[in-house]
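A.B. asks: following is a predicted model, sequence given first.
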Amino acid sequence: MIAPRWRKVLRDIGETPLRTALAVVAMAAGVFGLGTILTSYSILTRELAKTYADTNPSSAIVSGTRAPNNAIEVEPRPLVRARVRIGNDEWAPLYLYVVRDFNDIHIDKIRRDTGAWPPRNDEVLLERTALSVARAHIGDRVTMRTPDGVERTLRVAGTVHAAGQAPAWMDHVVIGFVSWNSIARINEMPQLRVVTRGARLRHPHADQMDTFLFLLGAFGALTLVLSAVLVANMIHALLAEQVRQVGVMKAIGATTRQIIALYLGQVSILAILALALGVPLGMSAGRGYARFAATILNANIASDRVPLAIFAIEIAIGILVPLAVAFGPVVRASRITIHEAFSNDVARRPFGTRRFDRWLARMRWLPRPLMLSLRTTFHKRGRLALTVGTLAVGGAVFISALNVAAAWSRVLDEDTNARRYDLEVRLARPYPIEQVRGIATYVEAWDESDVLVGRKHVTVISLPPQSKLLRMPMIRGRWLDEGDGVVINQYLPSLRIGDVVAGQRIIGIAKDAGSAVIYAPLRSNGMTRSLRVIGKQRDVERALERAGIAVKSLQSVADRRKAIADHLIIIESALVFAAMLVVLVGGLGLMSTLTLNVIERTREIGILSAIGATPRTIARNVVFEGVLMGVLSWLVAIVIAIPATLAMDNVAGRMFHKTPLEFFMSPRAIAWWLALVLILAALSSFYPARRSLQMAVREALAYE
């Protein structure tokens, strides 16, 4: 036999299906959000590491044929740098790696994806993400052109997966693999893949992954906090309705401890139901997002198994958090005296007993229904604060995510504006400066070389001190106006102004978008192999061909900007994904609050109907309450978004850009959130408003 107290618990759950459903959905929303992020985080951290480790990544790539003394494993893989035709007078960079034996690769392994394996001597296997960049399909023939102008036609025999390579669409480079006797082996660069003892290996996009996983973890914690707030809101409402029942139980002899156990037991049952709903949905969404993120990072999800620890964490949090937030209100409710329980009738408190009510009464120009809606909205101030706060935090995250995305765009715009040219052209060999000046309206001859900074090869770009085509924004120090010293960018954090690098003293640190670069004054000898050009790409391509100038690579500034922006897709997707989860929790909080308000005002709605208020008027008031809460949350969200944006700019900027992003509040983000929160408020008000429309006067007046 079930004890009477537990029969009451089960009866309360069964007789109030709407309130029970709201409580379960509120708890399930938190479990879903947390489970989604924990699932995707656990799968990605494991699978990204495993995918990269399975390639047996090289510790270093050595130019030449001589391996370092500390090498424990060496494999030759020459590189052919060329360009591939992707349209009329359109070419994309092409990197072809020459493999000695496709069936015996030990370092930086590649895996067969589709098509033939291994390729014949007139064939190429493209990295699976390169087909779209090459604008080709398996079976097509593509034309490659080497820097000295030699052309070869290769058949695309299939695709491979090179997990150690960045996605081709991200770097805007076509990556392919050819056989040892391939016809494409022209002017190749000898290279050795080397594994050394004790080397610390990092994925090429480790910075992106670190930033991405950090954001997922941070938003997971935030979702947990918001779900706890949402659960607290629901439990406060539940206990407010049961005050008289507590008084009855005390009157017939129930102890405080028994009442606490009874209500905590009810919360536990609701939490278990929420787990049954939220855990499977969260796992499914987390697996889907992990697959999406892995695709962007050019990784495979070999197993989407979720560790048992994640289940344990979700179950523990799904039960303990509701119990923790319920404990205080339950204890306070259980300690109420019998007299207080039967005299507590908050719903019928006379209008005018609060300062806000008296202020509202003086607004005689307000319509009575609107005045009643305002009073109802601000009546349950604790619930209003929790609802507005939850939705405001969701809005702040949404606004901050768009602010960070806008800040990234501003960085790219600033970088693009600093580059006052259209094209970067690298020539196959040195040419006289006078010969190249005729290819476009304005051409500047630059120079490029490499220098070793620590263990890192860094590009040195030499340009005329009075260059009209480049002036980078400075973080500290000054630019190359006087032709003395060098300027580094923020990707060389170990160097400071006054240090010596490339044989010259550092005079400034520039803000750049891309990779580590040293800018130096040009010492011209009348020859050049690097150009910056103002002109259209097709026109310049034709002019170079007519002049007999062999091109090593050609990239437009617009394409460079897009390549950098594409590297940020995974970060922006994490921000938007996490923001939408938080908004979901906030929207559920708003809907549950409005529904509870309608339930608690059932008698009041019956009285209004009895004295002539139409169902549409009552429903309109419910919608107005939702919109008012939405607008309040929007105002609070703007305030919260300021420190949130500062924090995100600092973390995301330092992890990926090596310097904090400049703070920027996007007016578009604020406007979008206002539009979204109004839509959310209207949708959240739909069911409560519909319920108020369907109430019969007699049933409403008889509601207990």
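C.D. replies: That came in fine, so what should we check first? Residues are numbered from 1 along each chain as shown.

A.B. asks: please enumerate the helices of the stretch 1-150 of the chain.
C.D. replies: Counting by DSSP state H, counting those that start in this stretch, the stretch 1-150 of the chain has these helices, from start to end: 4-15, 17-53, 131-134.

A.B. asks: quick one: these as JSON lines, columns for mean pLDDT and mean neighbour count too.
C.D. replies: From N, CA and C alone the C-beta is placed, and that goes for glycine too. Formatted as JSON lines, the helices of the stretch 1-150 of the chain follow (pLDDT from 0 to 100; neighbours: other Cβ atoms under 10 Å):
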{"stretch": "helix 4-15", "mean pLDDT": "74", "mean neighbour count": "13"}
{"stretch": "helix 17-53", "mean pLDDT": "81", "mean neighbour count": "22"}
{"stretch": "helix 131-134", "mean pLDDT": "91", "mean neighbour count": "19"}
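
A.B. asks: what would those helices look like in TSV with distance to Ile252?
C.D. replies: As requested, the helices of the stretch 1-150 of the chain are arranged in TSV below (distance: least, Cβ to Cβ, whole Å):
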stretch	distance to Ile252
helix 4-15	10
helix 17-53	24
helix 131-134	74
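
A.B. asks: how about these, which one is nearest Thr255?
C.D. replies: Closest to Thr255 of the helices of the stretch 1-150 of the chain is helix 4-15 (Cβ to Cβ; 11.0 Å).

A.B. asks: now do the SS call for the residue nearest to Asp122 when sequence neighbours are not counted.
C.D. replies: Counting by Cβ to Cβ, 6 or more residues apart in numbering, the nearest residue to Asp122 once its immediate chain neighbours are dropped is Ile183, at 5.5 Å. Three states are possible here, and by DSSP: H, G, I helix; E, B strand; the rest coil the one that applies to Ile183 is coil.

A.B. asks: quick check: Ile183 touching Val124?
C.D. replies: No. With contacts counted by Cβ atoms under 8 Å, Ile183 stays clear of Val124, the gap being 10.0 Å.

A.B. asks: who's more crowded, the two?
C.D. replies: The neighbour comparison of Ile183 against Val124 (other Cβ atoms under 10 Å) goes to Val124, with 28 against 15.

A.B. asks: how much space separates the residue nearest to the spatial centre of the chain from Gln165?
C.D. replies: Ranked by distance to the mean C-alpha position of the chain (Cα atoms, centre = their mean), the top residue is Ala574 at 1.8 Å. Ala574 sits 22 Å away from Gln165 when distances are taken as Cβ to Cβ, to the nearest Å.

A.B. asks: now Ala82
C.D. replies: Counting by Cβ to Cβ, the gap between Ala82 and Gln165 amounts to 17 Å.

A.B. asks: same thing with Val98?
C.D. replies: 15 Å.

A.B. asks: how about His657?
C.D. replies: As defined by Cβ to Cβ, His657 lies at a distance of 22 Å from Gln165.

A.B. asks: tell me where the stretch 151-300 of the chain has strands.
C.D. replies: Along the stretch 151-300 of the chain, the stretches classed as strands by DSSP state E, counting those that start in this stretch are 151-161, 174-179, 191-196.

A.B. asks: any idea which of those scores lowest on pLDDT?
C.D. replies: When mean pLDDT is averaged over each of these, strand 191-196 scores lowest at a mean of 88.

A.B. asks: list the backbone torsions phi and psi for Ile475.
C.D. replies: The phi and psi values for Ile475, taken as degrees, to the nearest 10, are phi -90, psi -50.

A.B. asks: how near is it to Glu414?
C.D. replies: For Ile475 relative to Glu414 (Cβ to Cβ), the value is 12 Å.

A.B. asks: joint contacts of those two?
C.D. replies: Applying Cβ atoms under 8 Å, 6 or more residues apart in numbering, one finds that Ile475 and Glu414 are jointly contacted by Lys511.

A.B. asks: contact partners for Asp12?
C.D. replies: If you count contacts by Cβ under 8 Å, 6+ apart, Asp12 has them with Gln242, Gln266.

A.B. asks: ok, now with 7 Å
C.D. replies: Contact criterion Cβ atoms under 7 Å, 6 or more residues apart in numbering gives Gln266 as the residues in contact with Asp12.

A.B. asks: then Asp148?
C.D. replies: The contact partners of Asp148, taken as Cβ under 7 Å, 6+ apart, are Asn187, Ala428, Ala550.

A.B. asks: now the host helix or strand of the second one, how far from the chain's geometric center?
C.D. replies: Taking DSSP states H and E as the definition, one finds Ala428 inside strand 423-432. Shown here is strand 423-432, whose average C-alpha point lies 39 Å from the average C-alpha point of the whole chain (Cα atoms, centre = their mean, to the nearest Å).

A.B. asks: for the stretch 601-704 of the chain, give me the ranges with low pLDDT.
C.D. replies: Regions of the stretch 601-704 of the chain meeting the criterion pLDDT under 70 cover residues 601-609, 611-613, 615, 686-704.

A.B. asks: if we ignore the residues flanking it in sequence, what's nearest Ile534?
C.D. replies: Nearest non-adjacent residue to Ile534 (Cβ to Cβ, 6+ apart): Tyr442, at 4.3 Å.

A.B. asks: how near is the one you found to Val306?
C.D. replies: With distances defined as Cβ to Cβ, the gap from Tyr442 to Val306 amounts to 58 Å.

A.B. asks: more neighbours, these two?
C.D. replies: Neighbours around Tyr442 and Val306, counted as other Cβ under 10 Å, are more numerous at Val306. The numbers are 22 against 14.

A.B. asks: quick one: contacts for that one?
C.D. replies: Listed by Cβ under 7 Å, 6+ apart, the contact partners of Val306 are Thr39, Ser42, Ile43, Met283.

A.B. asks: run the last query once more with 8 Å
C.D. replies: Val306 makes contact with Thr39, Ser42, Ile43, Met283, Gly286, Arg287 under the criterion Cβ under 8 Å, 6+ apart.

A.B. asks: could you dump stretch 178-190 to CSV, C-alpha only?
C.D. replies: Written as CSV, here are the backbone C-alpha positions of stretch 178-190 (Å, rounded to 0.1, in the frame of the first residue of the first chain):
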residue,chain,number,x,y,z
VAL,A,178,50.3,12.2,-56.8
SER,A,179,52.4,9.1,-57.4
TRP,A,180,56.2,8.9,-57.2
ASN,A,181,56.4,8.7,-61.1
SER,A,182,53.7,11.3,-61.7
ILE,A,183,53.9,13.6,-64.7
ALA,A,184,53.2,16.5,-62.3
ARG,A,185,56.7,16.3,-60.7
ILE,A,186,58.1,19.5,-62.2
ASN,A,187,60.3,21.9,-60.2
GLU,A,188,59.4,20.2,-57.0
MET,A,189,60.7,21.1,-53.6
PRO,A,190,62.4,18.3,-51.8
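
A.B. asks: can you pull out the low-pLDDT segments for the stretch 451-600 of the chain?
C.D. replies: Low-confidence regions of the stretch 451-600 of the chain, defined by pLDDT under 70, span residues 455, 586, 589-590, 593-600.
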